[in-house]
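Student: got a predicted structure plus its sequence, pasted below:
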Amino acid sequence: MGKIIGIDLGTTTSEISYIENGEPKIIPDCFGNRIVPSVIGKKEDESIVVGQVAYNQLISSPDRTVSEVKRLMGTDARIPLGNKEYLPHEISGILLKELKNYAEAYLGDEVVEAVITVPANFNNSQRKLTKMAGELAGLKVERIINEPTAAAMAYGMNNSNKEEKILVFDLGGGTFDVSVLEIFEGILDVKSSRGNDKLGGKDFDGRIEKYIEEEFEITYELGLYENIDLDTVYSIRSRVKEAAIHAKKELSNQLSTTINIPFIRIIDNKPINISLELTREKFNKLTKDLVMSTTDKIKEVLKASNLKEKDIDTVVLAGGSSRIVAVKELVESMFPGKITSGINPDEAVALGAAIQAGLKNNQITDEETFIISDKCSYNLGTSIIKIGDGKVIDGCFDCIIPIDSTIPCSKKKTYYTAVDNQEEVRVEVYEGNEIMAEDNTKIGDFILSGVPEGKAGEQSIDIEFDYDLNGILEVKATVVSTGKSINKIIDNFRLIELPQDKLVDESINKAMHLNTWKNYNLGESVKDIIELAENKMNELDEELCEVLKNIVEKLKLAIIDEDKELVEKYDEALTDILFKLK
Ligand SMILES: Nc1ncnc2c1ncn2[C@@H]1O[C@H](COP(=O)(O)OP(=O)(O)OP(=O)(O)O)[C@@H](O)[C@H]1O
Ligand SMILES: [Mg+2]
């Protein structure tokens, strides 16, 4: 039986963990490092390098190296790498594959499953894409869990008999999360989570980079990136970045540091070096707004949990950027004496993921730890027409699952037809907090057809939202009078745009792509015959099975391409062959 691991898939670094003798442990990479840079690169010969090796070529070959891809998750960015372009989750998939390799080498066993962590405020599609990245890496993603929840689990593992309220402050490389949790009677209850997936160490680095550029410009009356070719710009940028990160880390331990970048440019045939003093005081000034912006989220999460600062018993600091002195001081000033020192901020999230993995595999039991109840990070709802005070307002957001609902959860609401003889209903799914649907993020839509004739308001439609433990939503719409329904996992976003020639693992991606056919209207009329054909395949010999499989695939593709004619053609072909097989 293969093993299950926990993975903290970070913006800048990733960690892998597993359970050994009931305790979570970190798995090192092939160099013995407990922290793996989340960096992917390509060598000249197009071969892929990952982790520390890729990190090492960031400066020498920045144009062949990709980092911080987590920030692009859920966007349709195309990331150039070598002579190909990748989608963000494909890059993550390559990274996860390498982490899987490290784990297999270390454990001497096949690794088949994983629990992967994501920022608490990752939305539906970002979670789904993270899951897909795991699948691309050949991992069955047993569960997606929230990073701050995982960090709290690592703390709670040895403190499960306590009764206390915990605040997790997780400031990583690219994202910031803050959660309030409560441990009581063996339950780890997440009260609320808030975050900013656009705030992290990278932004602190950016401020120092800008400072270096400005100082250069003042000294030389010339932009650091002016009048030079693109290759040189690339390489200067990555050296400045490296120097900024180094200075930032030094300032976590000392009051002042010197930024040294030798031979940064040649001006008037003379090589120019940067040598710049940066004090912690100056760094604090450059980054004050970033640090202060975390307070709003802390206040928000406390308010949502109905708690005051003084009610918090323990603060768990997670994420490398929580080492920044001003950050620590701010948290300390809000929660004096409450920061626990027993947790390694780099490893907490990964260890928590391993605990979740261990719970799944019964390597640890609920009694040794706790039952976890996590919360949904968004309001989820649909778009409706509201009628009141003689006014009709179209496009109003109607919340079905409110933020902070305990997951998994399932909620149903009933709606009515808006016009006489309305034949179909478009169900639009949104996440967000705004009154008007269009001001929120649309995460999917589909049409439920076949509504029987009747006057406006005569036919009712039940809409049911099912939010699972991974934070992934399934929506079901049913015509109440006939029972006709449509089910949809909200996942039809960018998947269908995948360019076939750029896939990491074509067969997996193709299978996932084909699986989306149920989300399309044309699928409705042929779903029975597809089911019949798929059942039949089990009874057939290999050759006949291949024939049937081929037609079913073509039919599914036609559904996804919304090509009615082709759907009819393959539907007929399938009916014909099934009839003959009978
Ligand atoms: N001593 C230090 N002082 C300041 N910052 C540090 C220190 N050590 C690491 N960092 C910063 O911490 C960040 C990495 O933290 P971590 O590994 O927790 O983030 P991540 O998991 O990659 O990102 P995220 O959780 O946001 O996806 C980087 O920006 C790094 O520069
Ligand atoms: Mg992290």
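Tutor: Sure, I can see it. Ligands and ions are numbered 1, 2, ... in the order given.
Student: do the top helix by length along the chain and ligand 1 come into contact?
Tutor: Using DSSP state H, we find that the single longest helix of the chain is helix 280-304. No. Figure legend: helix 280-304 not in contact with ligand 1 (C-beta under 6 Å from any ligand atom); closest approach 10.1 Å. Quick note: C-beta positions are derived from backbone N, CA and C, even for glycine.
Student: what does stretch 256-274 give?
Tutor: No. Judged by C-beta under 6 Å from any ligand atom, stretch 256-274 stays clear of ligand 1, getting no closer than 11.5 Å.
Student: give the rounded mean pLDDT of that stretch.
Tutor: For stretch 256-274, the mean pLDDT works out to 94.
Student: contact partners of it?
Tutor: By C-beta atoms under 8 Å, 6 or more residues apart in numbering, the residues outside stretch 256-274 that reach it are 208, 212, 215-216, 220, 222, 224, 228, 232, 236, 239-240, 243-244, 246-247, 250-251, 275-280.
Student: quick one: buried residues of it?
Tutor: T257, I259, I261, I264, R265, I272, I274 (16 or more other C-beta atoms under 10 Å).
Student: out of those, which comes closest to ligand 2?
Tutor: Ranked by distance to ligand 2 (C-beta to the ion), the buried residues of stretch 256-274 are led by T257 at 24.5 Å.
Student: ligand 1 versus P28, what's the distance?
Tutor: 15 Å (C-beta to the nearest ligand atom, to the nearest Å).
Student: and for E568?
Tutor: For E568 relative to ligand 1 (C-beta to the nearest ligand atom), the value is 48 Å.
Student: which SSE is that residue in?
Tutor: helix 564-581 (DSSP states H and E).
Student: just the buried residues of stretch 256-274 now: which is nearest A326?
Tutor: Of all the buried residues of stretch 256-274, A326 sits closest to T257, with 14.9 Å by C-beta to C-beta.
Student: distance from the helix or strand that closest one falls within to the middle of the chain?
Tutor: Using DSSP H and E, T257 maps to strand 256-267. Between the centre of strand 256-267 and the centre of its chain there are 37 Å (C-alpha atoms, centre = their mean, to the nearest Å).
Student: may I have that strand as CSV, with CA atoms only?
Tutor: The C-alpha trace of strand 256-267 is given here as CSV (Å, rounded to 0.1, in the frame of the first residue of the first chain):
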residue,chain,number,x,y,z
SER,A,256,21.7,47.4,10.0
THR,A,257,23.1,45.6,6.9
THR,A,258,25.1,46.5,3.8
ILE,A,259,23.6,45.6,0.4
ASN,A,260,26.5,44.7,-1.9
ILE,A,261,26.0,44.0,-5.6
PRO,A,262,29.3,43.9,-7.4
PHE,A,263,29.6,44.7,-11.2
ILE,A,264,26.0,45.6,-11.5
ARG,A,265,26.5,47.6,-14.7
ILE,A,266,29.1,49.1,-16.9
ILE,A,267,28.8,52.9,-17.3
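Student: give me the sheet partners of it and which way each runs.
Tutor: Strand 256-267 has the following sheet partners, assigned by DSSP bridges: strand 270-279 (antiparallel).
Student: relative to helix 280-304, how tilted is the partner strand?
Tutor: Strand 270-279 and helix 280-304 are oriented at 50 degrees to each other (axes from the mean of the first three to the mean of the last three C-alpha atoms, to 10 degrees).
Student: quick check, K70 in a helix?
Tutor: Yes. Judged by DSSP: H, G, I helix; E, B strand; the rest coil, K70 forms part of a helix.
Student: how many residues are close by C396?
Tutor: As a burial measure, C396 scores 14 neighbours (other C-beta atoms under 10 Å).
Student: and K338, its phi and psi?
Tutor: phi -100, psi -10 (degrees, to the nearest 10).
Student: against ligand 2, how distant is it?
Tutor: 21 Å (C-beta to the ion, to the nearest Å).
Student: so that residue sits against L317, correct?
Tutor: No. Here K338 does not reach L317: they are 10.4 Å apart, not a contact under C-beta atoms under 8 Å.
Student: any part of the next helix or strand after the longest helix of the chain near ligand 1?
Tutor: Proceeding N to C from helix 280-304, the next assigned helix or strand is strand 314-318, under DSSP H and E. No. Strand 314-318 lies out of reach of ligand 1 by C-beta under 6 Å from any ligand atom, never closer than 6.9 Å.
Student: now do the buried residues in the helix or strand just after strand 314-318.
Tutor: Moving toward the C-terminus from strand 314-318, the next helix or strand (DSSP H and E) is helix 325-334. Using 16+ other C-beta under 10 Å as the test for burial, helix 325-334 gives V325, A326, V327, K328, L330, V331, M334.
Student: now the contacts of stretch 256-274: which count as buried?
Tutor: 208, 212, 215-216, 224, 236, 239-240, 243-244, 247, 250-251, 276, 278, 280.
Student: for the longest helix of the chain, name the packing helices and strands.
Tutor: strand 164-171, strand 176-184, strand 187-196, helix 201-220, helix 325-334 (3 or more C-beta pairs under 8 Å, 6 or more residues apart in numbering; DSSP states H and E).
Student: where along the stretch 1-150 of the chain do the helices fall?
Tutor: 52-56, 88-107, 124-136, 147-156 (DSSP state H, counting those that start in this stretch).
Student: report the distance from the third one to the chain centre.
Tutor: In terms of C-alpha atoms, centre = their mean, the centre of helix 124-136 is set 7 Å apart from its chain centre.
Student: and the closest residue to E242 other than its chain neighbours, how far from ligand 1?
Tutor: Spatial nearest neighbour of E242, chain neighbours left out: I59 (6.1 Å); criterion: C-beta to C-beta, 6 or more residues apart in numbering. Computed as C-beta to the nearest ligand atom, the I59 to ligand 1 distance reads 16 Å.
Student: may I have the phi/psi pair for I59?
Tutor: phi -80, psi -40.
Student: and it, how many neighbours?
Tutor: Neighbours of I59 (other C-beta under 10 Å): 15.
Student: correct me, but N519 touches K488?
Tutor: Yes. With contact defined as C-beta under 8 Å, N519 reaches K488; the gap is 5.3 Å.
Student: give me the common contacts of the two.
Tutor: Contacts common to N519 and K488, judged by C-beta under 8 Å, 6+ apart, are F446.
Student: follow-up on the earlier one: more neighbours, K338 and L317?
Tutor: L317 (24 against 18).
Student: close enough to count as contact, that one and G342?
Tutor: No. Contact criterion C-beta under 8 Å: L317 and G342 do not qualify, at 10.8 Å.
Student: how near is A243 to S235?
Tutor: 13 Å (C-beta to C-beta, to the nearest Å).
Student: show the pLDDT at the residue of the stretch 251-400 of the chain found nearest ligand 1.
Tutor: Going by C-beta to the nearest ligand atom, ligand 1 is nearest to G320 of the stretch 251-400 of the chain, at 2.3 Å. Per-residue pLDDT puts G320 at 96.
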